[in-house]
Structure formats: structure tokens, C-alpha cells
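Peer 1: any chance you can model this:
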Amino acid sequence: MTQTHSASCHCGAVKLSLNLPDGVTDLRRCDCSMCQRRGTIVASADLDGLKVVAGKDKLSCYQFNTLTAKHYFCSICGIYTHHQRRSNPNQFGVNVGCIEGVNPYELTNVAIVDGVNHPADR
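Peer 2: Got it, this is the predicted structure:
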């Protein structure tokens, strides 16, 4: 059964619709240079499970290192909303703090992923 969730940036210019078959799962933090700085908990969504329903023109994309991952953020308020994953380009990582009704401070058992020693760098 698919669960539909709404997500948005801080100012509301960017709005996402998320289809998450198992709900908000696969929670993780990464320790790569980008994720250390933004400190976000992310969940996964398949590429066809994330739709930008408003503000596509307000999204900016940042890429670094191998230029595989695409990190999206609102060009108005600066909030990171999601990224196309490097370790699985068929999925997006979604900023859990942007999902309506989810408080990231209440989440437990969040895995830490070793992005410093990423398998694609070996």
C-alpha cells in the first residue's frame, strides 16, 4: 500500500508529493562533507515516487566531486529538500524535516552512512 506524503521548503515555494510504499523508512544520516554541514536525516523515495508539485522554477541544484548526486534546495529560503542519490541514482533522498507531520527530533534508530569512504571512490 502506497502512502502519500506532502513536503515543502521553509518558505513554501517548493512543494513535493511523495509516494512512499512503506512510509517514512530507511532513515539515515551521512557523514560526507555535504551531509555533515547540513545535518539532515533522509529517507528514500523512488524516482517516480517524488513529484515537484510547485516551485520547480525555484529549485536550485548543487553537484560536487563526481557530479553524480544532484542536491536540490529552494533558491528563496535555502532549505535542502531532496537529492538524487549517488549510491542509488534510481532513488531520491528526501529531507525528513520537510515532510509534513514528521518531527525529525522524535526519530530514533537513525543509521549513519559512511559517505566519507563512499564505495564509488574505491
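Peer 1: wait, V14 touches V53, no?
Peer 2: No - in this structure V14 lies outside contact range of V53 using Cβ atoms under 8 Å: 9.1 Å. The C-beta positions use only the backbone N, C-alpha and C, and glycine is treated the same way.
Peer 1: so those two - more neighbours on which side?
Peer 2: The neighbour comparison of V14 against V53 (other Cβ atoms under 10 Å) goes to V14, with 27 against 12.
Peer 1: got a list of what that one touches?
Peer 2: Contact partners of V14, counting by Cβ atoms under 8 Å, 6 or more residues apart in numbering, are 8, 52, 54-56, 58-59, 74, 79, 81.
Peer 1: kindly recompute the last result at 6 Å.
Peer 2: By Cβ atoms under 6 Å, 6 or more residues apart in numbering, the contact list for V14 reads 55, 58-59, 74, 81.
Peer 1: over to L20?
Peer 2: Neighbour list for L20: 3, 45 [criterion: Cβ under 6 Å, 6+ apart].
Peer 1: ok, it to D46 distance?
Peer 2: L20 is 9 Å from D46, where distance means Cβ to Cβ, to the nearest Å.
Peer 1: in TSV, list the contacts of V14 along with secondary structure and neighbour count.
Peer 2: Shown next, in TSV, are the contacts of V14 (DSSP: H, G, I helix; E, B strand; the rest coil; neighbours: other Cβ atoms under 10 Å):
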residue	secondary structure	neighbour count
G55	coil	19
K58	helix	17
L59	strand	17
C74	strand	21
T81	strand	26
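Peer 1: from those residues, which two are the most distant?
Peer 2: Farthest-apart pair in the contacts of V14 is K58 and T81; separation 10.1 Å (Cβ to Cβ).
Peer 1: need phi/psi at the closest residue to R86 other than its chain neighbours.
Peer 2: Spatial nearest neighbour of R86, chain neighbours left out: A69 (3.9 Å); criterion: Cβ to Cβ, 6 or more residues apart in numbering. Main-chain dihedrals, A69, degrees, to the nearest 10: phi -70, psi 150.
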